[in-house]
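A.B. asks: Sharing a sequence plus its predicted fold:
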Amino acid sequence: MRTAPKPINEAARLRSLSEYRILGTKPEKAFDNITRMASEICQSPIALISLVDEKRQWFKSKVGLEASETDRDISFCAHTILDSKPLVVEDALFHEKFRDNPLVQEEPHIRLYAGFPLKTDINHRIGTLCVIDRIPKSLTNSQYKVMEGLADQATTLLELRRRSLALMDEFCQMHHHQGLITTCSYCKSIRDSEGFWQPIERFLMQHSTLNFSHGICPECMNEHFPDVPTS
């Protein structure tokens, strides 16, 4: 069995992974939808969103597998993150790198492995979306393309999480309100440090990198504009 070497940018890659603050978090429907689709489209019993930490691979989402993580040393995904291209192994039992791997010789008896890297916007590969089967086979061109799209979607979800956390940190660290914001109980305006009241969106735009667009939710349409059709 060949253990995957560490990427040359390993320290920076691990710092990028830590920014998502996602290791050990609970399952989320948005990620689980992706693994379910991957499993269905590739007709494979196992699908995983795997994040490769310093010594382990941890599964943010999983279909068909009970374990929540495995050692990095035996991880197929640790090999996948070494390259920007997907890694497809049609029969691991006859693959020089993987034939002696305990995940091949024992449960889950991997034969097909198809891993698609999760790449950040600065090209740090933090994990994979992968499908696994217990029988040898390949992916069709259509399955391959869909998996690429699903991997991009998983990365987008991770990036939205990172940006939301960064905005929350930025907002919470604003020194002038000392951890306390005064809002109007009726119109929800915010009183700033100089005592002036202003709409919440204007306040947030001044003190964070948030921007806003406006619309009218269905409930307000029904209450204030009952004669306007909504469909």
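C.D. replies: Everything's here; your move.

A.B. asks: which non-adjacent residue is nearest the residue nearest the centre of the chain?
C.D. replies: With the centre of the chain defined as its mean C-alpha position, the nearest residue by C-alpha atoms, centre = their mean is Leu158, 3.5 Å away. With sequence-adjacent residues excluded and distances taken as C-beta to C-beta, 6 or more residues apart in numbering, Leu158 is closest to Tyr20, at 5.4 Å. Where you see a C-beta, it was placed from the backbone N, CA and C, and this is true even at glycine.

A.B. asks: what does Asn101 give?
C.D. replies: Nearest to Asn101 is Met1, by C-beta to C-beta, 6+ apart, at 4.9 Å.

A.B. asks: element containing Ile110, please.
C.D. replies: Assigned by DSSP states H and E, Ile110 falls within no helix or strand.

A.B. asks: now Ile74: how far from Val88?
C.D. replies: In this structure, Ile74 and Val88 are 19 Å apart, going by C-beta to C-beta, to the nearest Å.

A.B. asks: Next: Gln206.
C.D. replies: Distance, Gln206 to Val88, by C-beta to C-beta: 50 Å.

A.B. asks: On the pLDDT front, check Lys26 for me.
C.D. replies: Note for Lys26: predicted pLDDT of 92.

A.B. asks: I meant to write Glu194 there.
C.D. replies: Confidence at Glu194, expressed as pLDDT, is 75.

A.B. asks: Ser142: how many residues sit nearby?
C.D. replies: For Ser142, the number of neighbouring residues by other C-beta atoms under 10 Å comes to 9.

A.B. asks: for the helix or strand it falls within, which positions count as buried?
C.D. replies: Under the criterion of DSSP H and E, Ser142 resides in helix 141-172. By neighbour count with 16 or more other C-beta atoms under 10 Å, helix 141-172 contains the buried residues 143, 146-147, 150-151, 153-155, 157-158, 161-162.
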